[in-house]
Every structure is written in C-alpha cells, then in structure tokens.
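Chemist: this is the structure alone, sequence omitted:
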C-alpha cells in the first residue's frame, strides 16, 4: 500500500485507500458492491483504490469495470501474515484514532506467537 502511495506521487496518479473499519469486511453484500462500484467509478483517471475484498462485477450495475490487481498467496502463509498484521502496533494506532471507544487488546494476546496459538 505504501509503495502505491509513493508511486502515485512520482507518477502523477490518484491514490485512494479504504477507510479504517471496526470489522474488516471482505465479502460484500449486493448493496455494498453497488456502493463500491459507484465510489470507484467516481475517481478521476488515473487512480488506484486499495482494499482487501472479493471480486465485484461492476458491469452488473451498468458501471465500467476497473482493472483489478489480485495477489494470490500461499494460503498458509497468508493466514500467518494476517495473524501478525492484526497484532501490529500501527494497526491499533490507526484503529484507535478511527474508533476512540474501541478497547485495546490484551497484551498477552498481542505477544502470543502464531505457533503457540495454533498449538493451544
């Protein structure tokens, strides 16, 4: 994400990132897909929008299809990466700024490594 942000400045394109959410939603409802389609189609060319989500067919809403860039990863490595991602300090800083009422996680939960978690 940071690479795309840096490239947008250097190569003169618009960078857009999904807003921070209390609960990460990957599979969108029909109405959420439509809202996403309208949002993305409103961006000025050339633009990039960064969000983790399932494929959405924009044409079912009579909208132009964007160019998708999909990164396929080893499923086990992806889960391990996610495990540490949601425990990263910057992740909680970003979420606390967006949702001040959100409680901070238990420090023991943050320190637990993946292997220990899986074994229990």
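Modeler: Okay, I see it. For clarity, every value in this text was computed on a predicted model and none was experimentally measured. Residues are numbered from 1 along each chain as shown.
Chemist: can we go C-alpha only for contacts and neighbour counts from here?
Modeler: Fine.
Chemist: where is the longest helix in this protein?
Modeler: helix 30-42 (DSSP state H).
Chemist: so how far is it from its chain's centroid?
Modeler: For helix 30-42, the separation from the chain centroid amounts to 16 Å (computed by Cα atoms, centre = their mean, to the nearest Å).
Chemist: which secondary structure elements does the helix or strand that comes right after that helix contact?
Modeler: Reading on from helix 30-42 to the C-terminus, the next helix or strand found by DSSP states H and E is strand 47-50. When contacts are defined as 3 or more Cα pairs under 8 Å, 6 or more residues apart in numbering; DSSP states H and E, strand 47-50 packs onto strand 14-17.
Chemist: where do the helices of the protein begin and end?
Modeler: Assigned by DSSP H, the helices in the chain fall at 2-11, 30-42, 75-85, 89-98, 107-111, 114-119.
Chemist: so how far is residue 45 from residue 61?
Modeler: 20 Å (Cα to Cα, to the nearest Å).
Chemist: same question, residue 105
Modeler: Taking Cα to Cα, one finds residue 105 at 40 Å from residue 45.
Chemist: re earlier: compare residue 61 and residue 45 and say which is more crowded by neighbours.
Modeler: Taking other Cα atoms under 10 Å, residue 61 and residue 45 do not tie; residue 61 has more neighbours (14 against 9).
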